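A.B. asks: Need coordinates for the following:
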Amino acid sequence: MAKTEYIYYKDKYGFASNIPTVDKYNPHRTEEVIRDEIVNKYGCEIITEKEFHEIRFNNAMARMKTLFENEDIGKIFGWLSNNINTYSIKAFSQLSGVKLSRTWKKRKEQLIEYYGDKYVEWRKAKDEAIAANEKAKAEKDEQEWREELARIEKEYRAGKAISGREFLNLCDEYKIDTHIRTRGFVLKQVSSIQKDGRIWVNKKAKYAEGFRIALHSLNRAMGIEKE
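C.D. replies: Numbering: from 1, shown residues only. This next block holds a predicted model:
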């Protein structure tokens with residue numbers, strides 16, 4: 001299999017890119033046409049392969065040098081975790097004096113050893129931040145759920161129709177024991193329910209006695225019906 005040849009170029013911002021000399025989707029776009037488009041259509045400059053690698057490495061070095069000096073362990077691990085970021089891996093190796101492995105598993109071990117206690121502190125802070133975010137999300141979800149449940153209960157008490165799922169949510173909230181078959185009936189067959197017992201079901205649905213028991217049990221628990 002023939003080796004793919006590339007055209008190397010840089011844009012007006014100094015970013016280097018490459019593109020195959022052959023357009024496999026359009027054979028009429030010859031290398032000459034592609035080169036002309038790069039220069040005259042997109043305003044880029046053709047460069048050598050050596051210049052391409054130098055630009056890519058210098059950009060990676062500038063970025064990694066800032067992260068290295070700031071000891072931004074999170075972003076350093078982020079850049080170096082991907083095996084295709086060869087320029088960043090090479091840049092960190094030069095900055096740290098540690099020849100990093102080509103594989104992430106080994107490279108990660110090298111980084112952990114290099115940063116030592118600083119890594120442990122960073123990992124602890126990261127884990128604490130994750131835990132705090134998860135707690136905040138759980139509290140937000142719980143608050144939204146309580147608000148939704150309050151809405152459902154208010155509508156049900158007012159005699160408005162609620163869905164089968166909402167009815168089961170109220171049953172769960174008031175700890176009404178509902179058999180699995182009853183729950184299946186409500187979820188699959190019941191489209192809406194009112195506190196007076198009126199329900200809207202699929203035409204061929206067979207009425208479940210367990211539902212009647214659950215309905216009255218819920219109403220009693222809510223104080224809608226007397227014991």
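
A.B. asks: all strands for the protein, in order.
C.D. replies: Listed in chain order, the strands of the chain (DSSP state E) span 6-10, 16-20, 45-47, 190-193, 199-201.

A.B. asks: between the ones you listed, which gets nearest to Pro27?
C.D. replies: Put simply, out of those the one that sits nearest Pro27 is strand 16-20, at 12.3 Å, with distance taken as Cβ to Cβ. From N, CA and C alone the C-beta is placed, and that goes for glycine too.

A.B. asks: Of all the helix elements in the protein, which one is longest?
C.D. replies: Ranked by number of residues, the top helix in the chain under DSSP state H is helix 117-157.

A.B. asks: name the helices or strands packed onto the helix or strand bottoming out on mean pLDDT in the chain?
C.D. replies: For the chain, scoring each helix and strand by mean pLDDT, DSSP states H and E identifies strand 199-201 as the least confident one, at a mean of 86. Using 3 or more Cβ pairs under 8 Å, 6 or more residues apart in numbering; DSSP states H and E as the contact criterion, the elements in contact with strand 199-201 are strand 190-193.

A.B. asks: elements contacting the strand it packs on?
C.D. replies: In this structure, strand 190-193 packs against helix 164-173, strand 199-201, with contacts taken as 3+ Cβ pairs under 8 Å, 6+ apart.

A.B. asks: Dump those into CSV; add mean neighbour count and distance to Trp79 as well.
C.D. replies: Listed next are the helices and strands packed on strand 190-193 as CSV, based on neighbours: other Cβ atoms under 10 Å; distance: least, Cβ to Cβ, whole Å:
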stretch, mean neighbour count, distance to Trp79
helix 164-173, 19, 46
strand 199-201, 18, 58
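
A.B. asks: Just tell me which of these ends up closest to Asp117.
C.D. replies: For the helices and strands packed on strand 190-193, distance to Asp117 was read as Cβ to Cβ. The smallest value, 48.1 Å, belongs to helix 164-173.

A.B. asks: between the strands of the chain, which gets nearest to Val98?
C.D. replies: Across the strands of the chain, the minimum distance to Val98, taken as Cβ to Cβ, is reached by strand 16-20, at 26.4 Å.

A.B. asks: could you point out where this protein is predicted with low confidence?
C.D. replies: Low-confidence regions of the chain, defined by pLDDT under 70, span residues 1-2, 205, 227.

A.B. asks: who does Ile162 bridge with?
C.D. replies: According to DSSP bridges, the residues that bridge with Ile162 are Ile193.

A.B. asks: before we move on, the earlier item: and Arg220, which of the helices and strands packed on strand 190-193 is closest to it?
C.D. replies: Closest of those to Arg220 is helix 164-173, at 12.0 Å (criterion: Cβ to Cβ).

A.B. asks: Please consider this matter closed, and thank you.
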